[in-house]
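Visitor: Pasting a predicted model and its sequence here:
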There are 4 protein chains.
Amino acid sequence: MSADRRQASQHFERLLQTRNREEFLAQLAPHFDEAPPKVPGGSHVSDEALQRRWELLSAPESRRELLDADTDARKESFKRNIEHFIGTVKVPVGLAGPLRINGLFARGDFYVPLATTEAALVASYSRGSHLLTEAGGCTSALLNEGVCRAPGYAFPNVREAGMFVLWATEHVEDFRRVAEATTRFGKLNDMRITLEGNHAYLCFEFYTADASGQNMVTLATEAICEYIEQHCPIRPQYHFIEANLSGDKKASAQSFLLVRGRKVSAEAVLPAELVQKRLRTTPEHMVNFWRMCAMGGIQSGTLGIQGHFANGLAALYLACGQDVACVAESAVGVTRFEVIEGGDLYASVTLPNIMVGTVGGGTGLPSQKACLEIMRLAGAGKAQALAEVCGGLCLAGELSIMGAMCSGDFSRAHRLLARGKQAKKSDKAQGTADA
Amino acid sequence: MSADRRQASQHFERLLQTRNREEFLAQLAPHFDEAPPKVPGGSHVSDEALQRRWELLSAPESRRELLDADTDARKESFKRNIEHFIGTVKVPVGLAGPLRINGLFARGDFYVPLATTEAALVASYSRGSHLLTEAGGCTSALLNEGVCRAPGYAFPNVREAGMFVLWATEHVEDFRRVAEATTRFGKLNDMRITLEGNHAYLCFEFYTADASGQNMVTLATEAICEYIEQHCPIRPQYHFIEANLSGDKKASAQSFLLVRGRKVSAEAVLPAELVQKRLRTTPEHMVNFWRMCAMGGIQSGTLGIQGHFANGLAALYLACGQDVACVAESAVGVTRFEVIEGGDLYASVTLPNIMVGTVGGGTGLPSQKACLEIMRLAGAGKAQALAEVCGGLCLAGELSIMGAMCSGDFSRAHRLLARGKQAKKSDKAQGTADA
Amino acid sequence: MSADRRQASQHFERLLQTRNREEFLAQLAPHFDEAPPKVPGGSHVSDEALQRRWELLSAPESRRELLDADTDARKESFKRNIEHFIGTVKVPVGLAGPLRINGLFARGDFYVPLATTEAALVASYSRGSHLLTEAGGCTSALLNEGVCRAPGYAFPNVREAGMFVLWATEHVEDFRRVAEATTRFGKLNDMRITLEGNHAYLCFEFYTADASGQNMVTLATEAICEYIEQHCPIRPQYHFIEANLSGDKKASAQSFLLVRGRKVSAEAVLPAELVQKRLRTTPEHMVNFWRMCAMGGIQSGTLGIQGHFANGLAALYLACGQDVACVAESAVGVTRFEVIEGGDLYASVTLPNIMVGTVGGGTGLPSQKACLEIMRLAGAGKAQALAEVCGGLCLAGELSIMGAMCSGDFSRAHRLLARGKQAKKSDKAQGTADA
Amino acid sequence: MSADRRQASQHFERLLQTRNREEFLAQLAPHFDEAPPKVPGGSHVSDEALQRRWELLSAPESRRELLDADTDARKESFKRNIEHFIGTVKVPVGLAGPLRINGLFARGDFYVPLATTEAALVASYSRGSHLLTEAGGCTSALLNEGVCRAPGYAFPNVREAGMFVLWATEHVEDFRRVAEATTRFGKLNDMRITLEGNHAYLCFEFYTADASGQNMVTLATEAICEYIEQHCPIRPQYHFIEANLSGDKKASAQSFLLVRGRKVSAEAVLPAELVQKRLRTTPEHMVNFWRMCAMGGIQSGTLGIQGHFANGLAALYLACGQDVACVAESAVGVTRFEVIEGGDLYASVTLPNIMVGTVGGGTGLPSQKACLEIMRLAGAGKAQALAEVCGGLCLAGELSIMGAMCSGDFSRAHRLLARGKQAKKSDKAQGTADA
């Protein structure tokens, strides 16, 4: 716990109402009685493997829900994406939009499929999308792209680590050659170096074409590590192919400073009348909220400043077969609202670390591919456009939630209506969702 | 872009191979041609509403995948969780485990359903689970719980903001009364105060029982805001029910210092022989990796130090109807590995910000509830145990990935095998996945 | 190095122009030849001790400068504040002001002594002070105060760590008693708890009256640790009186969330005409700069958002005998500029972590005390007022530097004038200093 | 305040014991009565200017201390470094050492002058220095160097910002030419680009030779900004020569990732017997402390992981005429302790952001230059060596404080001795100081 002592005391009190200290200590201790069997069958999806797995669980109702007829019929389609398969979870998909994107790669009006179980999320993003579309759409520009892997090497001392780094700077072209031999599409963009005492990290930045690219860069970096092992006269005590400097699957300040995934800025100018008409507030008040949120975010020690990028990204990643765990790193960025000359609202979002692809990963699964196809963004040549849609969607979400906070609709509705599900839902549909 | 000039130049070059500057500028400018229709029907899930939505898309194949017969048959079940419903996305679920948890609330051997489209993830978590189970299970303890909302109030100057805060400190019992009238289960634990110039933030911390609680605390905080509006003699210029100080849906340093969601530590002692047998490495080498990862994480500006909490959390949240967007905040924490006396490995994870519930949100949807039921964790009285399972799962994942990095299996396999899908998969099954 | 490969290559090239690899490696290796003598005499300041120290150095000119007649005559006054004393360094002091402070504790017009070797710093802070004074002074309010120490305890497992924490929550009154017995003025305010696996941190927050308080809280916390050692039935494997959780001497996000040192907000409303007249810019443009700086700071991963708090704090701390190393933690905070109704400029700074005292440390040394006396802030009962002066000074500095950036004076002067010292100095006197 | 409500209530109570609310509100309000005169005479140091300044203060005793005969006699020497000069503050200087540095640039045994008013600091650093020297000295290697300025440009939209950036990437050689024309020694190393919506930041990285370089890079960057103003066809709405992206005078995550100032790693291997003999502890226990401190630092949201870099840096910067405000940015880095094969202790520190020079700033002032000369590090060609001394000194300080924490001397002394100044001092001389 990180708690003041009152919280800690309350927590202990709540606990000790149900059991005494000794009972809890006994519960928490290791238990060496025999364990039930391991899940059988690895990545096999045969009827027999499924049967054996479900027998472990004795949960026939769960089986019916997860292993419905449709899932059962197409279980082969999942076998490259999962191990110990037992069925599918069904996540409802709603459409937000139309969202007009004026991008370098994405152009036109998108109906964006969002998968979520959180009420009001789709409504909120949809409201923001309409607003942007009515304002001529949002500009969304891919500004950079690349994915890195950062193997770490340990030496007895900084002298050898330094000699290693010197050697590495002299062999970048060799690294490029062996790395690019592992991939049809990836390119080694650059190498960065971090020396910390007797530890040396080499950070390899790759261009990954239409793949999100984590696997591609792992394979390519392995080839480099192997080359180093075979050719470098300075021998490390040990090394690891990734030493946690790449920011993989976690929020990091580094996102803003180096390239990771795809960086997108999306922006729009919203006329004051439109803000008034659709969000029932003013550009000035939107900026009041933005400013207070910026100060609040800074004081809570967040990385970047934004409202709820995670909501839109998670729903879009999920619908479209992206790696949802990457929301941890992608939901870092900045939102900026300004009143500009003439009294209109300038709004922008910048996401430095969007991890999306349109080939590989879950993008080929049937329903995920169906979602990509709704946007005409399935397959090769579409990843950059998908990243631009992510940017535009996040901008829509920021406008919608900030508008709802500003308009007072949220509070007013709660005062007027009974606090039933219906009230809650319609309030939330104003855009505040649970974000 | 945040890029060195070479990256920027390369990016421009790639762009300008396909279009010239003027064409790109034209693309990025606002476009005011007529937009296609809005998505009709709000949160209705009638056949007609669905039909009208799919007509917008002219994507019959996508329709078949998303709106399969099974989904169509039970579309009513989704209507409280989505708007503009068009179908469901099917995410494959695999079983990890058995994972033995010795918790305050969770006890026994769990088969953990994980929904993901990323190959090797389930295998990796499963391997770590077996290791823990073989070692007597992992201790996993809920250390604190609570969720906060932080309304912000703006005044003309710090004098009035200070008077407001003084008034608020004198009315905490009133706040408690009105807040707790909005909820059967929630309790107002405490109020914190942040004064920044003429801005005052009140941070209300609630106990939320078995709900994840974001909606509950929003409603309760609204009641407090309303009370303030009616009774406080010091009038703000404006206020917002949430001013971005609560850390909602984003990674923040605050997670470690205040209560947000449920805080869990999970730990285990792994005998050296077991580490050798199952992970083909030594406790010492695991600590070498942990240390280098800690230094790498610190230098990349991450919050906390861990390997890939996001992978396990996202997969479990998704399977079990949790709010997947909360991975952005939940995937912050610390992992610690030590060689202890006798040469065994002590391993622990601490996650200060797990956002889970077993009632509300998506937990009642058919397949999500089915996943909770596999673990016997559906419904009231189970949220704390679910949080402890999250902790144990993350510990399993850390052990597995770090073991794979240490054993060299990863690299060796790549050198020996052709680089086909099969090789990649079996390597990844060693636990390294793409995490 | 953290560098792209070009920087690294350049660095190696520069190095290898002067020596070859082997020579460098030889230089960097350990050298075991005999070392010169240790510095003799401990904290003695006798003529003999000084003579022996200077004999080590064979630097007669340095001796004349550091051990001037005046320093030699009053060397006794330094003996409680230094070891291995050899003389004094003389840092020029300039006066900024008058700075009108309307505080809870500090009231009136202050001439603030600033010690620095950086040209233009005093001029810049002085300009900002005049501006504030002309606007009726700045409100500066002490919002909180306290200093903490955070001993850490290690146990075999989380069970024992938890039992320890439970015991600690039950003994806070004992901790208070033994802690307060060590100090005439200090009070134990509260205890916070952080549990991370088998590590338990207790964070003791003290009220330290007029002292900066680090020593006071160390002594008081030792008494608590001793009490724990004697009375607690749960025995740690080891413990440390401070385990780096208190934020001592380093910038941390925690500053904003918990109490550390003294927290002050200072604010003022600057009429538009005054901004125009004194800073030759407009409130709107000041806000343009503030906004861009906020976004820049966020993207560079800074804690808080401000311009150059460190400049004013370092100069004031140094002049007034404060612990200058604490600038590392104190120079974290937020600055906020807004255009308010009527077009005037609202400006505020909030510093959550000011480490100042008016008794103890260097505050009793002759010239340092002289600086405090210039402000009538020497001795007991003045620390809170000194903290409020720090707040006001930082606000003056933010206004001045931001004004200089906005007015374009900086650039214009450089274009017009020769680039001699004079030009540089007068430009910088516009307030940009080296900040 | 950021406080729980009890802290807030206590604070209000303490306040309201002395005055009532109305009195406080009156105090905090603006006051428009006439202000005392401004400080006269600008940067003049004539007798008359000094006389007029001291007349403002009516503090004859302070005058005697600050404007002693020696200071008065050499007041001319300060005039380029201060405005509104009134005298000097005398900071005692102690010698730490000998400290053996095996560096790329610094070689030999250094007696390091440290200026501080904090008892025990010199003793602690001296103890660590002896330890390192006895172990063959510490390797200290300059790994990178450079200083940046980051002007920011605002445009109506991202399209124009992008065109501007494209233009900038095409004119780097022009930027280099005009920048390098402003300086005899500085070189433009590189340009980085950050695009955030319609804001474009150009980050210019310079090599600054022996100067700390902030002024040099400001002048050089102004020349670039002027060139842009004259030649760039894409006109910004406004721009600023620095938009807070460079990390100047503040702790930032960026320090680890980009070049700022001079980056140094210092390391040593300490034989177990030496650790036992000099620090009365074991390498294993030092690592226990390091590990717990790492976890504590991470959980408190600090940048980097270290003990008290700020103490040594502040004292050395102050003695040697460096910009003490830069401690805010320089005191960020990492410390790493490991037990290596054979049971010895490997210890390293890495400071990515040391801001030192041996020409310019305060380095030419008499007593500051005297300190540099004690180390033979005054003047051209010495800045890199000075940075390496900083690294070695910080390593000495980390070893000493961690040793004191581990040995238990600290606590034992307090139990045995009366709690007089003497006890306190001798304990602290064990190395714990107030750090």
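Guide: Thanks, I have the structure now. Numbering: from 1, shown residues only, chains lettered A, B, ... in the order given.
Visitor: Once you drop chain neighbours, what's closest to the closest residue to chain B within the stretch 151-300 of chain A?
Guide: The stretch 151-300 of chain A approaches chain B most closely through residue A:253 (2.9 Å), counting by CB to the nearest CB. Placement of C-beta: from N, CA and C, glycine included. Of all residues not flanking residue A:253 in the chain, residue B:301 sits nearest, at 2.9 Å (CB to CB, 6 or more residues apart in numbering or on different chains).
Visitor: What are the phi and psi values at the closest residue to residue A:375 other than its chain neighbours?
Guide: Nearest in space to residue A:375, with sequence neighbours left out and distances taken as CB to CB, 6+ apart, is residue A:110 at 5.3 Å. Main-chain dihedrals, residue A:110, degrees, to the nearest 10: phi -110, psi 130.
Visitor: Where is the longest strand in chain A?
Guide: Identified as the longest strand of chain A according to DSSP state E is strand A:85-103.
Visitor: Could you tell me which ranges of chain A sit under the pLDDT cut-off?
Guide: Scanning chain A for pLDDT under 70 picks out A:1-2, A:409-435.
Visitor: Let's see that with 50 instead.
Guide: For chain A, the stretches with pLDDT under 50 are A:413-435.
Visitor: pull the longest helix from it.
Guide: Counting residues, the longest helix found in chain A (DSSP state H) is helix A:383-407.
Visitor: that older thread, surely the residue nearest to residue A:375 meets residue A:372?
Guide: No: using CB atoms under 8 Å, residue A:110 is not in contact with residue A:372, being 11.4 Å away.
Visitor: Which of these two has more residues huddled nearby?
Guide: residue A:110 (27 against 22; other CB atoms under 10 Å in any protein chain shown).
Visitor: hey, what's that one bridged with?
Guide: residue A:99 (DSSP bridges).
Visitor: What distance do you get for it to chain D?
Guide: 19 Å (CB to the nearest CB, to the nearest Å).
Visitor: ok, that residue - contacts?
Guide: A:97-101, A:375, A:389, A:392 (CB atoms under 8 Å, 6 or more residues apart in numbering or on different chains).
Visitor: Leaving out chain neighbours, which residue sits closest to the residue of the stretch 51-200 of chain A found nearest chain D?
Guide: For the stretch 51-200 of chain A, the residue closest to chain D is residue A:197, as judged by CB to the nearest CB, at 3.1 Å. Nearest residue to residue A:197 in three dimensions, chain neighbours excluded: residue D:348, at 3.1 Å (CB to CB, 6+ apart).
Visitor: what does residue A:267 give?
Guide: Spatial nearest neighbour of residue A:267, chain neighbours left out: residue A:348 (3.8 Å); criterion: CB to CB, 6+ apart.
Visitor: Could you report the neighbour count for the residue of the stretch 151-300 of chain A closest to chain B?
Guide: Number of residues near residue A:253 (other CB under 10 Å) recorded here: 25.
Visitor: My guess is it contacts residue D:255. True?
Guide: No: using CB under 8 Å, residue A:253 and residue D:255 do not qualify as a contacting pair, with a distance of 10.2 Å.
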